[in-house]
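Engineer: here's a sequence, model it:
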Amino acid sequence: MPTWQQLRDAKFHEYEDAADGWGKVSNRADAARIRVDQEMSGPIHTTQKGEAQTSAERDLTQLGRNYQYLHAECGLVRTTLNGLASELSSAQRKLKQALADAADLKFTVNGDGSVEYPQSTVLPMAPGTSSGTGVAKPGAPVPLLPGAGEANGDPNKGKAEDIAERISQAVNSAIEIDNRYAKVLRELKAPDGLAVTDDMLMDEAHDMGDVQKTVGTYLSKDGIPQGKSPADNKKWWDGLTQEQREEYQTLYPAEIGALDGLPSVIRDSANRTVLDEAHADVQHKLDQLGPEPEKQIVTAAGIITNPEWSTWDALGGSKYKDQLKGMDAVRSRFDQTGIDGLPPAYVLGFDLKGNGHVILANGNPDTADNTAVYVPGTTARLAGAQGDIARMARTWKEANAMSPGESTSTITWIGYDAPQDIITDSPRPSYAYNAAPTLNHFLDGLQTAQGGPEASHTTVIGHSYGTTVIGVAAKEHHIAADDIVVAGSPGMLVGDASDLGVGKDHVWSEAASSDPVPYIGRDFLGGWKWGVDTYHGIPYNAGYIQTIPSDEAFGAHRMDVNTSGHSGYWDEGSQSLKNQAAVVAGRYDKVQEDN
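Structural biologist: Numbering: from 1, shown residues only. Okay, the predicted model is just below:
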């Protein structure tokens with residue numbers, strides 16, 4: 001049991017010094033992970049072939065994963081030690097203040113924490129006391145004689161009792177703090193070995209939760225801005241010390257990774273921790289279900305859905321598979337860095353809510369001369385991220401080739417809950433109205449992190465229902481973009497290109513002759529009276545023929561398209577793709593318009 005003397009004399013800067021050491025290891029691990037991803041992975045694709053390349057890629061992926069784990073775990077140790085020092089220092093300050101008050105009053109603090117005080121009124125002596133003194137103990141004050149202090153109104157008695165109680169509270173608080181932190185610190189350990197496993201990542205997530213509960217009074221999630229503008233988020237971040245930033249990043253990665261307005265490097269590091277932990281957790285849940293049964297079986301009655309598969313699916317099997325598919329697509333993009341010059345990837349947003357969301361950038365948008373943000377349409381979700389990520393990788397290659405001497409970043413924004421069914425969901429504008437504020441917030445955050453509207457030439461690209469989202473975003477709020485490109489648009493819920501806020505000359509449209517969606521959006525469904533969107537009370541397809549971006553009357557630049565169907569606009573080497581890239585690069589002279 002520690003004494004008040006031990007609490008008074010304790011040197012808590014030793015904990016802070018140790019925390020600094022763990023912090024340095026955490027930061028170096030993160031820097032090493034970035035070096036592996038950005039500097040070492042690329043050359044592998046050009047210097048190695050065959051099995052040597054495969055082996056090197058596998059080793060570097062594992063190395064990067066190890067560094068990410070070290071960054072997170074060491075950061076948790078650092079934050080725990082700093083929290084321990086901070087809370088114990090607070091208890092120590094309370095103790096020292098009580099001791100100082102006792103000294104000022106010429107009271108004596110005994111070794112057991114009781115307080116001896118001079119009697120202000122001469123009273124008969126109690127056993128074990130000196131002449132003219134009394135002794136106060138926390139919770140059980142001992143007067144000279146029962147009731148004597150109160151009867152004679154001795155002010156020193158009350159003061160001594162208060163000081164004794166404060167000393168006791170400080171010591172007891174220190175004991176509680178020490179026990180609470182000791183339990184967590186004992187758990188912050190890793191098994192021997194060089195390979196970080198899924199079990200270790202799941203343990204890391206558990207550790208993170210324990211540390212969050214333990215250090216709540218030192219570093220609370222409540223301190224992170226919620227519902228604020230990107231400018232306010234940046235102001236908060238800039239007002240923190242470097243140590244506070246690092247602690248928030250490693251202790252609350254999901255919250256920091258989602259905060260628009262913060263530097264992309266910070267968001268990427270935080271979101272990779274969230275991604276790794278989520279992947280390990282989902283893989284574990286899927287493994288617990290056992291192998292996937294056959295979906296259909298043949299019976300005497302014919303082919304039916306296998307009841308075992310139905311049970312597996314009801315327990316989350318299909319959902320977990322879809323989540324892993326999407327997360328693997330993000331990880332696969334990490335491995336593509338350096339192929340054909342593709343720059344490092346930055347994860348600017350990630351979660352498994354609903355159908356899952358991910359925001360992935362090719363190249364750092366904070367420093368890019370040209371930036372493109374791609375908003376996909378119906379059926380967009382985490383499970384289908386691979387195709388959308390590939391589209392922006394191809395757009396980056398084309399735009400980068402058109403802008404020598406400039407840097408480019410292209411971003412896949414699966415940051416909203418897209419309609420999942422073209423018949424029942426896509427005609428509803430509520431999806432667009434729900435998504436528009438989120439898109440605008442992200443674009444504002446991008447601009448804030450870049451340093452203002454003049455820092456980068458920004459293009460927003462939409463496909464299918466994604467163009468509807470952009471249309472609502474532009475009419476509801478000044479959109480933080482210089483150009484808008486739409487492909488296969490069914491309509492933007494505005495009647496003219498001038499309604500989008502970037503000027504008619506900066507609105508660009510592509511529509512393949514064999515793409516049915518623009519025709520459906522314009523007039524095929526226009527004669528159907530489908531009613532009112534129950535979420536927003538907005539009429540949709542209520543018997544009118546709307547103007548769409550590919551109509552000449554809309555006023556957009558109609559670009560030449562040499563691809564077919566609804567999804568060919570990003571075909572490798574196509575004029576459709578080159579036209580989009582030209583707008584992204586600001587090379588309007590290279591755009592071929594439809595004659």
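Engineer: what average pLDDT does the longest helix along the chain get?
Structural biologist: Taking DSSP state H as the assignment, the helix of the chain that covers the most residues is helix 50-104. Averaging pLDDT along helix 50-104 gives 91.
Engineer: and the next element down the chain from it?
Structural biologist: Remark: after helix 50-104, the chain's next helix or strand is strand 108-109, criterion DSSP states H and E.
Engineer: did I read that right, residue 494 in a strand?
Structural biologist: No - with DSSP: H, G, I helix; E, B strand; the rest coil as the criterion, residue 494 is coil rather than part of a strand.
Engineer: in the strand or helix carrying residue 209, what's buried?
Structural biologist: Using DSSP H and E, residue 209 sits within helix 198-214. Neighbour-count burial for helix 198-214 flags 198, 200-201, 203-205, 207-208, 210-212, 214 (criterion: 16 or more other CB atoms under 10 Å). Placement of C-beta: from N, CA and C, glycine included.
Engineer: after it comes which helix or strand?
Structural biologist: Taking DSSP H and E, what comes next after helix 198-214 is helix 230-238.
Engineer: pull out the buried residues from that following helix.
Structural biologist: Of the residues in helix 230-238, those buried (16+ other CB under 10 Å) are 230, 233-234, 236-237.
Engineer: what of stretch 92-108?
Structural biologist: For stretch 92-108, a neighbour-count test (16+ other CB under 10 Å) marks 92, 94-95, 98-99, 102, 105, 107 as buried.
Engineer: farthest-separated two in these?
Structural biologist: By the measure CB to CB, 92 and 105 form the most distant pair in these, at 20.6 Å.
Engineer: list just the nearest of the buried residues of stretch 92-108 to residue 327.
Structural biologist: Using CB to CB, residue 92 comes nearest to residue 327 of these, at 45.9 Å.
Engineer: excluding chain neighbours, what is closest to the closest one?
Structural biologist: The shortest distance from residue 92 to any non-neighbouring residue, by CB to CB, 6 or more residues apart in numbering, is to residue 7 (5.7 Å).
Engineer: go ahead and confirm the one you found touches residue 95.
Structural biologist: Yes - the pair residue 7 / residue 95 is scored as a contact, 5.4 Å apart, by CB atoms under 8 Å.
Engineer: who touches both of these two?
Structural biologist: 170-171, 174 (CB atoms under 8 Å, 6 or more residues apart in numbering).
Engineer: out of the residues you listed, which is nearest to residue 495?
Structural biologist: Of all these, residue 495 sits closest to residue 174, with 69.1 Å by CB to CB.
Engineer: any low-confidence regions in the stretch 101-250 of the chain?
Structural biologist: 120-131, 140-153 (pLDDT under 70).
Engineer: switch to 50 and redo it
Structural biologist: Residue ranges of the stretch 101-250 of the chain with pLDDT under 50: 122-123, 130, 141-152.
Engineer: dump the buried residues of helix 230-238 to TSV, plus distance to residue 156.
Structural biologist: As requested, those are exported to TSV (distance: CB to CB, whole Å):
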residue	distance to residue 156
230	59
233	54
234	55
236	48
237	51
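Engineer: ok, those residues vs residue 437, which is closest?
Structural biologist: Proximity of those to residue 437 (CB to CB) peaks at residue 230, which lies at 12.5 Å.
Engineer: wait, the closest one touches residue 443, no?
Structural biologist: No - using CB under 8 Å, residue 230 makes no contact with residue 443, being 9.1 Å away.
Engineer: overlap in contacts of the two?
Structural biologist: Counting by CB under 8 Å, 6+ apart, residue 230 and residue 443 have no common neighbour.
Engineer: gap between the residue positioned nearest the centre of the chain and residue 435?
Structural biologist: Note on the chain: the residue nearest the mean C-alpha position is residue 257, at 2.4 Å, using CA atoms, centre = their mean. As defined by CB to CB, to the nearest Å, residue 257 lies at a distance of 19 Å from residue 435.
Engineer: give me the local confidence score for residue 542.
Structural biologist: For residue 542, pLDDT reads 45.
Engineer: again with residue 326
Structural biologist: For residue 326, the model assigns a pLDDT of 98.
Engineer: what's stretch 468-481 in contact with?
Structural biologist: Taking CB under 8 Å, 6+ apart as the rule, stretch 468-481 contacts 373, 375, 377, 416, 429, 431-433, 435-437, 439-440, 443-444, 446-447, 453, 458-460, 462, 484, 486, 489-494, 499-502.
Engineer: selecting buried members of these in ChimeraX, what would you type?
Structural biologist: Only the buried entries of these go into this ChimeraX selection, using 16+ other CB under 10 Å:
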select :373,375,377,416,429,431,432,433,435,436,439,440,443,444,446,447,458,459,460,462,484,486,489,490,491,492,493,494,499,500,501,502
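Engineer: the contacts of stretch 468-481 in helices, which ones?
Structural biologist: 431-433, 435-437, 439-440, 443-444, 446-447.
Engineer: using CSV, lay out those together with pLDDT.
Structural biologist: Formatted as CSV, these follow (pLDDT from 0 to 100):
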residue, pLDDT
431, 93
432, 93
433, 94
435, 97
436, 97
437, 97
439, 98
440, 98
443, 98
444, 98
446, 98
447, 98
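Engineer: would JSON lines of those residues with distance to residue 49 be doable?
Structural biologist: Formatted as JSON lines, the ones in helices among the contacts of stretch 468-481 follow (distance: CB to CB, whole Å):
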{"residue": "431", "distance to residue 49": "46"}
{"residue": "432", "distance to residue 49": "47"}
{"residue": "433", "distance to residue 49": "51"}
{"residue": "435", "distance to residue 49": "44"}
{"residue": "436", "distance to residue 49": "47"}
{"residue": "437", "distance to residue 49": "49"}
{"residue": "439", "distance to residue 49": "42"}
{"residue": "440", "distance to residue 49": "46"}
{"residue": "443", "distance to residue 49": "41"}
{"residue": "444", "distance to residue 49": "45"}
{"residue": "446", "distance to residue 49": "38"}
{"residue": "447", "distance to residue 49": "42"}
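Engineer: what's the closest of the buried residues of stretch 92-108 to residue 328?
Structural biologist: The closest of those to residue 328 turns out to be residue 92 (CB to CB; 50.3 Å).
Engineer: pretty sure that closest one contacts residue 171?
Structural biologist: No - using CB under 8 Å, residue 92 makes no contact with residue 171, being 10.1 Å away.
Engineer: what do those two both touch?
Structural biologist: residue 7.
Engineer: residue 577 belongs to a helix, doesn't it?
Structural biologist: Yes - Residue 577 forms part of a helix when assessed by three-state DSSP.
Engineer: okay, and the beta partners of residue 305?
Structural biologist: Going by DSSP bridges, residue 305 is paired in beta bridges with residue 296.
Engineer: do the same with residue 409
Structural biologist: Beta bridges link residue 409 to residue 371 when assigned by DSSP bridges.
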